[in-house]
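J.: Let me see the structure of the following:
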Amino acid sequence: MIIRPAALDDLTTIVEFNILMAFETEHLVLERGRVIEGVRAVLADPSKGRYIVAEIDGTVVGQLMVTYEWSDWRNGMFWWIQSVYVDHAYRGRKIFTRLYEQIKQEALSGGSCGIRLYVEEENRTAQQTYSKLGMVPTLYEMMEDDFVLNRT
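T.: This is a model prediction of the structure:
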């Protein structure tokens, strides 16, 4: 398994994984064109974030995106993990663990104050995985005013 930064050549796979992840976790059907442009924007502009991918035998089998949030309380940057997806055929093979370990190592060496992610409240499998990696629930609930996705 190779863990590497995503490249523009990975665009189609990342888009497909994002669409699958949204449907699997939230039953959302994303607009493909919007997702293509959103992924392309991240790949073209590191200030928006970055993707890393797991590759086995030349095939991308997992991904995550990292974005950044400044914490004035900690005088440091939180790294947010988003857009996590592992191909069904490769689940149970520690793909996410390898992706997380790579990001954690980079975050620690880069002076980050921590790593955060959000997880769908009913996704117990993901929650268990994150707990095994040392992540703990926070005291916060997420709220939003989404101007793009119509959640009914």
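J.: separation between the most centrally placed residue in the chain and Gln63?
T.: Centroid check for the chain by CA atoms, centre = their mean gives Gln82 as the closest residue, at 2.7 Å. With the distance defined as CB to CB, to the nearest Å, Gln82 ends up 10 Å from Gln63. C-beta: built from backbone N, CA, C; applies to glycine.
J.: Checking Leu43 next. Helix, strand or coil?
T.: Recorded secondary structure, Leu43: helix (DSSP: H, G, I helix; E, B strand; the rest coil).
J.: What strands line up against the longest strand anywhere in the chain, and which way round?
T.: Ranked by residue count and defined by DSSP state E, the top strand of the chain is strand 59-71. As defined by DSSP bridges, the strand partners of strand 59-71 come to strand 50-56 (antiparallel), strand 76-86 (antiparallel).
J.: Could you give the separation of it from the chain centroid?
T.: Between the mean C-alpha location of strand 59-71 and the chain-wide mean there is a distance of 4 Å, by CA atoms, centre = their mean, to the nearest Å.
J.: ok, now stretch 81-88?
T.: 6 Å.
J.: for stretch 92-112, same thing?
T.: Here stretch 92-112 is found 11 Å from its chain centre; the criterion is CA atoms, centre = their mean.
J.: In that stretch, which residues are buried?
T.: Neighbour counts using 16 or more other CB atoms under 10 Å place 93-96, 98-100, 102-104, 107, 112 of stretch 92-112 among the buried residues.
J.: Need the max-distance pair from these.
T.: Arg93 and Ser112 (26.7 Å; CB to CB).
J.: quick one on the thing from earlier: and the contacts of the longest strand of the chain?
T.: Contacts to strand 59-71, defined as CB atoms under 8 Å, 6 or more residues apart in numbering, come from residues 6, 10, 13-14, 17, 42, 48-55, 76-87, 89-90, 95-96, 99-100, 103, 113, 116.
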